[in-house]
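S.K.: With the input below, show me the fold.
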Amino acid sequence: MSHTKRQLLQDAGDKQRSRRRRRRQKHLYLVLDDWDKGFRIHKMDTDSFFDCDDDDDQRLLEAPPVLRLESPVGHGAYTGDMSFSALGTKIFVFMNQRCGLVYDAETAVMAVGAHAPAHMVCGFGISVAVGDVLYVLTYRFFDENGQHWFQAICPTAQPTKGWSWETMPAPPSSFTTRQRVISYALHPDGSTIFMTTAYRDTPGAPLGTYSFNTKGSVWRWHGEWALPFLGRAYFDGELDAWVGLHRDGYISSCQVVSPGFHSNRRQSQSHYMYVDPSIYLDCQMTKEKLFLEDRTRYMGASLVYIGGRSKFCLVECVASEKRPAFGDHGGCVLHATIFGLKYNQRGELETTNQRSTRSFRCVPSGDNNPDDDQLLYATGPLWLEQQHTVGRAA
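M.R.: Got it, this is the predicted structure:
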């Protein structure tokens, strides 16, 4: 075989491998309040984190953003006017008393969605994708004696008709709007959403855990115990455990309970800002804390499960070193860390050697009038789990 022919075959193989690689690419989308008129959505290629070793260097987010969304009214006075969630390749934007928006990251098409139900007037507390349905739990903080509701949005029977909402059955009367969800996880059965709740107006009050089964639309009370996580946890098949952020800033894992599990134990006497630690499910924590040590600059953090072999991404938002976390307009720095988890020979949870961190400077973009700029923050990362064809070669 001639050198020219071998080169042509090699080039063709390289193109085919590149095409396959790009088909498998998935991306992390960050929704940032870095624009004085609304929000901007930035895309991050997590595979590129391992292309170089300059972990400590800060860089600007790639420009331009994937999408700019101008808040309809009152941006800055109440940032909850727009809420974001993800399902498959789509990013959902929910707005108070308005039709929602559906952005397809695979096709770059924006569509007008169904009008949000009345119970979602203040957005939602949590959202969980189950199959091709997105479940959002309403959060009506102003309604002291009201109830939470799960609202489900899914494609209509006729694809051309878009999306439709369905209101799920009400939870037990004990689950009122005085409580908020502090941690939650989808059970590996693929249909049961576990939620630990706390009283938002009574520190030290008993915590409790409920679940909602999406197949039968059935609520269940599981007792006065709590998931040991801060925010959302994810089931990882390799570890056979739920994994999430521990309330102390470490990564933790715990054994999954059965959908019918119930505990009759009662919490011990609580005092102000004290919660009996024995109510949490037993968990393991990594010895190394992945959070930034300077807690005075901390603004928020989110953990995202990105698949593969126990692979996760931690996104932490901290105030710029030149500014305090609250009270000025100096922007922030996003630290995104990709890491793996495993159990060592002693059965202890630890991070794998394959870990990389990228830091991004985020500066509010407006009219150069600092009095009008709001404190920059990240509303949370969105992992589009089924985006297989982004960047596909022709």
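
S.K.: Now do the helices in the chain.
M.R.: For the chain, applying DSSP state H gives helices covering 3-23.

S.K.: Ranking helices and strands of it by mean pLDDT, which lands last?
M.R.: helix 3-23 (a mean of 48; mean pLDDT, DSSP states H and E).

S.K.: Quick one: end-to-end length of stretch 246-263, please.
M.R.: One end of stretch 246-263 sits 22 Å from the other (CA to CA, to the nearest Å).

S.K.: what's the answer for stretch 120-133, then?
M.R.: 17 Å.

S.K.: Report the mean confidence score over it.
M.R.: When pLDDT is averaged over stretch 120-133, the result is 82.

S.K.: is the closest residue to K287 other than its chain neighbours in a bridge, and if so with what?
M.R.: Residue nearest to K287 in three dimensions, not counting chain neighbours: E350, with 6.9 Å by CB to CB, 6 or more residues apart in numbering. (Each C-beta comes from the backbone N, C-alpha and C, glycine too.) Beta-bridge partners recorded for E350 (DSSP bridges): K342.

S.K.: count of neighbours near E350?
M.R.: Residue neighbour count, defined by other CB atoms under 10 Å, stands at 17 for E350.

S.K.: Isn't it up against S310?
M.R.: No. Using CB atoms under 8 Å, E350 is not in contact with S310, being 10.9 Å away.

S.K.: what touches both of those two?
M.R.: Residues within reach of E350 and of S310 at once, by CB atoms under 8 Å, 6 or more residues apart in numbering, are 341-342.

S.K.: so what's Y305 up against?
M.R.: 234, 236, 243, 311-312, 383.

S.K.: Out of these, list just those in strands.
M.R.: 234, 236, 243, 311-312, 383 (DSSP state E).

S.K.: any chance of those residues in a markdown table, with pLDDT too?
M.R.: Formatted as a markdown table, these follow (pLDDT from 0 to 100):
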| residue | pLDDT |
| --- | --- |
| Y234 | 96 |
| D236 | 96 |
| V243 | 97 |
| K311 | 91 |
| F312 | 93 |
| W383 | 73 |
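
S.K.: Buried residues in stretch 189-202, which are they?
M.R.: Neighbour counts over stretch 189-202 (16 or more other CB atoms under 10 Å) mark 191-198 as buried.

S.K.: Now do it: distance to the chain's middle.
M.R.: 16 Å (CA atoms, centre = their mean, to the nearest Å).

S.K.: ditto for stretch 217-224
M.R.: On CA atoms, centre = their mean, the centre of stretch 217-224 falls 23 Å from the chain's centre.

S.K.: What average pLDDT does that stretch get?
M.R.: For stretch 217-224, mean pLDDT rounds to 96.

S.K.: Next, the buried residues of it.
M.R.: 219-220, 222-224.

S.K.: what residue ranges in the stretch 251-394 of the chain score low on pLDDT?
M.R.: Applying pLDDT under 70 to the stretch 251-394 of the chain flags residues 268-275, 292-295, 321-330, 364-380, 385-394.

S.K.: Report the separation between M82 and F92.
M.R.: Separation of M82 from F92 (CB to CB, to the nearest Å): 11 Å.

S.K.: cool, and A118?
M.R.: According to CB to CB, A118 and F92 sit 18 Å apart.

S.K.: quick one: which of the two has more around it?
M.R.: F92 (21 against 12).

S.K.: State whether that one and A111 are indeed in contact, as I suppose.
M.R.: No. Between F92 and A111 there is no contact under CB under 8 Å: 10.4 Å.
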